[in-house]
Every structure is written in C-alpha cells, then in structure tokens.
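>>> Coordinates for the following, if possible.
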Amino acid sequence: MKTSILKLLNARNRRFDRDRVSGAFAPVLLALILPQAASAQITPDTSLPNNSRVKVESAIQRITGGTNAGENLFHSFEEFNLQTGSTAYFDNALTIDNIITRVTGGNISNIDGLIRANGTANLFLLNPSGIVFGSNARLDIGGSFLGSTADSFVFEDGNTFSATEPNSSTLLSVNVPVGLQWNGVNSGSIRVEGAGHILPNEDPTVVPLEERNSGFGLRVKPGETLVLVGGDITLDGGLLTAQQGRIELGSVGVGTVSLDANGSSLDYANAGNLGTVQLRSKASVDVSGIGGGEIQVRGETVSLADDSRILADTLGTEDGVEIAIDTKQLTIAGDSFVSVSTYGDGVGGNLEVNV
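The predicted structure follows:
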C-alpha cells in the first residue's frame with residue numbers, strides 16, 4: 001500500500017392558550033391547519049408559459065408540466081418543501097438534459113425526503129431565501145445536482161431565469177446556464193444536516209467503496225457533479241458524495257459566479273462578499289474512487305471541526321485529481337483532515353490551498 005496522505009490536524013415560542021381553545025374547537029382548528037401545511041409542501045406558481053403541476057400520490061409528489069425550451073425543462077414553485085419520508089418526483093421526459101427549477105415565494109426550502117428524476121437529467125435548484133437539507137434528504141437523479149441561493153440563473157444568450165423577479169422575462173433559454181447572479185441583497189444560506197460519517201480513521205479500504213456512507217446524505221452517481229453555492233454553507237454532520245466525480249462548495253453574497261458548459265466547474269472572478277464554509281460534527285465531502293475525483297471549496301473562511309473530512313482518495317488503478325481550497329482563513333481542528341491519499345496503484349491527487 002502506498003500512501004501520500006495529508007492530515008491537517010488542527011423568538012419567542014408560540015403556544016396555544018389551553019384556556020382559550022376549548023376541546024370542542026381544537027379538532028376543528030387542527031383540521032383547518034393540517035391540510036394547509038400538507039398542501040404547502042410543493043406549490044407551483046403561475047409565472048411560466050406552461051406552469052408546473054404537482055399531483056400528490058400518497059407520500060409522492062409527482063411533478064409534471066413546466067415549460068420546455070429545447071432540452072431544458074423549466075419549473076417554477078412558490079414553495080418547495082419535503083417532509084420526512086416523502087418524495088419529490090420530477091416526471092420528466094427522457095429527452096430532457098436539464099431540469100431548471102426556481103422557488104419564488106420568499107421562504108426557505110426545507111428538504112427532508114427524496115428528490116428523484118428520470119433518465120440522466122441534471123437538476124438545478126434555486127432558492128434565494130435558503131435551502132436546508134435534513135438528515136433524511138436524498139438524491140436519486142442520473143445527472144449532476146446544483147443547489148444555490150443566487151437570485152437568478154444566467155444563460156449564454158443573455159436571458160435570465162430569476163427567482164426574485166419571476167415575471168421579468170418570459171423568454172426561456174435552450175442553452176445550459178453559464179452563471180449564477182446575486183443582486184446584492186443578503187444571500188440565503190445552505191445547510192446540510194446528518195448524523196456524520198462512519199469512515200475508519202486509517203485505511204479506508206476496510207470499507208468497500210460502494211458502502212462508503214451508502215444510503216446517507218446527498219449523493220450523485222459516480223463521475224457526476226454536486227454543487228452547493230450560496231451564502232454561508234454549513235455541513236452539520238452532513239455528507240456529500242460524488243464517487244470519482246466533483247464536489248463544489250462556494251459561499252458568495254454578490255456578483256456573478258460563472259459555470260462551465262456542464263455547470264460543474266465554477267469561476268469566482270466576478271463574485272464578492274464571500275462568506276463561511278464550515279464542516280462540523282463528522283461532516284464529510286468525499287469524491288474518492290478508483291481514481292480520486294475533484295473538490296473545490298471557496299469562502300472567506302473555511303473550517304473543519306469534530307472529525308470532519310474532505311476526501312479525494314485514490315483507491316484503485318487510476319490517478320487522483322485535486323482538492324483546491326481558496327480562502328483567507330483555514331481552520332482544521334478536532335481530528336479533522338483533508339486527504340488526497342492513494343491506497344492503490346494510481347497516483348494520489350494534488351492538494352492546493354490558497355490562503
């Protein structure tokens with residue numbers, strides 16, 4: 001076994017007054033409240049030429065409709081939330097390459113269920129107010145995933161798809177998004193919660209590759225990309241996995257972040273007001289595989305605590321790629337570490353830290 005491992009150690013509560021709500025009226029009150037809460041999970045708005053539609057089928061919310069533009073499918077929702085055990089099923093045609101989704105209602109998206117789509121479509125989710133992925137949040141998509149709290153997507157033809165001004169343009173682009181744009185208002189945060197990783201402290205090959213954090217956290221298919229870019233980014237025991245793929249974490253408050261043609265590589269040259277990226281409580285960002293993948297982290301401050309890990313290990317015959325951390329302040333503590341190790345015949349990847 002060859003090893004090139006690098007370890008850097010280092011409101012007030014609202015309560016019903018029981019004296020004012022009698023037993024006779026309580027059931028009526030609950031009957032009025034509960035259906036509204038359930039129906040507000042995923043609610044389309046009316047801003048598209050062909051609006052999104054949601055049909056509730058037990059615990060599954062089947063999403064159809066939306067507006068096609070070439071191989072892009074646009075969806076627009078007033079609210080987008082998923083309760084524990086529920087599923088948001090984007091029932092798209094197999095000819096769709098990109099599902100581009102915005103949330104316009106001004107409320108945070110709380111996602112604690114499964115998001116799935118057909119075929120190999122990439123899924124883009126935009127909510128400027130913020131996104132919280134609970135400990136039961138999962139992805140079942142064939143392509144890459146991008147979640148952002150930017151105000152709008154920007155396209156090569158100059159069109160935008162805005163969540164803060166949804167009626168500003170009715171022209172939807174056939175191109176892939178080439179940018180994320182912030183208008184200078186406070187950017188919502190992105191939070192990923194979980195119980196933390198179960199990886200060993202030393203040789204990771206003890207756990208088979210297909211079983212590393214299997215069934216937990218946000219995971220894309222091998223070789224695909226997972227991007228979270230917005231205000232402050234927090235992984236509180238959260239797990240992000242893209243086996244031999246790419247993971248991008250960026251904390252941005254203003255300006256534009258450019259995307260490559262696949263929406264997988266980000267350029268922050270025109271972005272400002274960078275914020276905090278923090279991993280704690282055994283959080284994990286993992287692109288390890290037969291050859292290690294690629295991770296980029298960008299923020300004013302980046303911190304790892306409580307045995308959290310950023311991993312791009314090479315576990316087989318192919319060479320690793322890179323972990324790049326660009327920040328003004330990097331803190332690694334509590335047995336946390338960053339690793340571009342090799343445990344196979346492939347050469348370990350590069351580690352680049354710009355502080």
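>>> right, and residue 281 touches residue 196 too?
Yes - with contact defined as CB atoms under 8 Å, residue 281 counts as touching residue 196 (5.4 Å). (C-beta placed from N, C-alpha, C; glycine too.)
>>> list residues touching both of those two?
237, 306 (CB atoms under 8 Å, 6 or more residues apart in numbering).
>>> With neighbour numbers in mind, choose between these two.
The residue with more neighbours, out of residue 281 and residue 196, is residue 196; 23 against 18, by other CB atoms under 10 Å.
>>> In terms of pLDDT, where does the more buried one sit?
On pLDDT, residue 196 comes in at 94.
>>> next one: residue 169
70.
>>> same deal with residue 268?
The per-residue pLDDT of residue 268 was computed as 94.
>>> moving C-terminal of the helix or strand in which it is found, what's the next helix or strand?
In this assignment (DSSP states H and E), residue 268 forms part of strand 266-272. As assigned by DSSP H and E, the chain's next helix or strand after strand 266-272 is strand 276-280.
>>> Now do the very next helix or strand once past that next one, average pLDDT.
Following strand 276-280 in sequence order, the next helix or strand is strand 284-286 (DSSP H and E). If you average the pLDDT over strand 284-286, you get 96.
>>> now for strand 284-286, which elements pack on it?
The elements that strand 284-286 packs onto, with contact taken as 3 or more CB pairs under 8 Å, 6 or more residues apart in numbering; DSSP states H and E, are strand 239-241, strand 246-251, strand 309-311.
>>> got the contact list for it?
Contacts to strand 284-286, defined as CB under 8 Å, 6+ apart, come from residues 196-197, 199, 212-213, 217, 235, 238-243, 247, 249, 279, 295, 297, 308-312.
>>> Buried ones among the residues you listed?
196-197, 199, 212-213, 217, 235, 238-243, 247, 249, 279, 295, 297, 308-312 (16 or more other CB atoms under 10 Å).
>>> Of the helices and strands packed on strand 284-286, which is nearest residue 271?
strand 246-251 (7.8 Å; CB to CB).
>>> For that closest one, C-alpha coordinates in PDB please.
Extracted in PDB, the C-alpha atoms of strand 246-251 (Å, rounded to 0.1, in the frame of the first residue of the first chain):
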ATOM      1  CA  ARG A 246     -16.700  16.500  -8.500                       C
ATOM      2  CA  ILE A 247     -18.000  18.500  -5.500                       C
ATOM      3  CA  GLU A 248     -18.000  22.300  -5.400                       C
ATOM      4  CA  LEU A 249     -18.800  24.400  -2.300                       C
ATOM      5  CA  GLY A 250     -18.900  28.100  -2.600                       C
ATOM      6  CA  SER A 251     -20.000  30.900  -0.200                       C
END
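>>> strand partners of that strand, parallel vs antiparallel please.
According to DSSP bridges, strand 246-251 forms sheet pairs with strand 225-230 (parallel), strand 294-298 (parallel).
>>> quick one: low-confidence ranges for this structure?
The chain contains residues with pLDDT under 70 at 1-40, 170, 202, 204-206, 208-210, 213-215, 261-264.
>>> same thing but 90
1-40, 157-158, 167-171, 176, 183-187, 198-216, 259-265, 315, 343-344, 355 (pLDDT under 90).
>>> now the helices for it?
In the chain, the segments counted as helices under DSSP state H are 26-39.
>>> pull the longest strand from the chain.
The longest strand of the chain (DSSP state E) is strand 72-80.
>>> Direction included, what does that strand pair against?
By DSSP bridges, strand 72-80 pairs with strand 42-44 (antiparallel), strand 67-69 (antiparallel), strand 98-103 (parallel).
>>> List the contacts of the second one.
With contacts defined as CB under 8 Å, 6+ apart, strand 67-69 is touched by 48-51, 73-74, 96, 172-174.
>>> same thing but at 7 Å, please
48-50, 74, 172-174 (CB atoms under 7 Å, 6 or more residues apart in numbering).
>>> and which of those is nearest residue 181?
residue 173 (13.8 Å).
>>> Format the strands paired with strand 72-80 as JSON lines; extra columns: distance to residue 157 and mean neighbour count.
Shown next, in JSON lines, are the strands paired with strand 72-80 (distance: least, CB to CB, whole Å; neighbours: other CB atoms under 10 Å):
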{"stretch": "strand 42-44", "distance to residue 157": "25", "mean neighbour count": "19"}
{"stretch": "strand 67-69", "distance to residue 157": "10", "mean neighbour count": "18"}
{"stretch": "strand 98-103", "distance to residue 157": "14", "mean neighbour count": "26"}
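>>> And the spatially closest residue to residue 289 that is not a sequence neighbour, how close does it get to residue 77?
Once flanking residues are discounted, residue 289 sits nearest to residue 244: 2.9 Å by CB to CB, 6 or more residues apart in numbering. Distance of residue 244 to residue 77, given as CB to CB, to the nearest Å: 33 Å.
>>> If you tally nearby residues, what's the number for the nearest residue to residue 195 once chain neighbours are set aside?
The shortest distance from residue 195 to any residue other than its chain neighbours is 5.5 Å, reached at residue 237 (CB to CB, 6+ apart). Applying other CB under 10 Å, we find 21 residues neighbouring residue 237.
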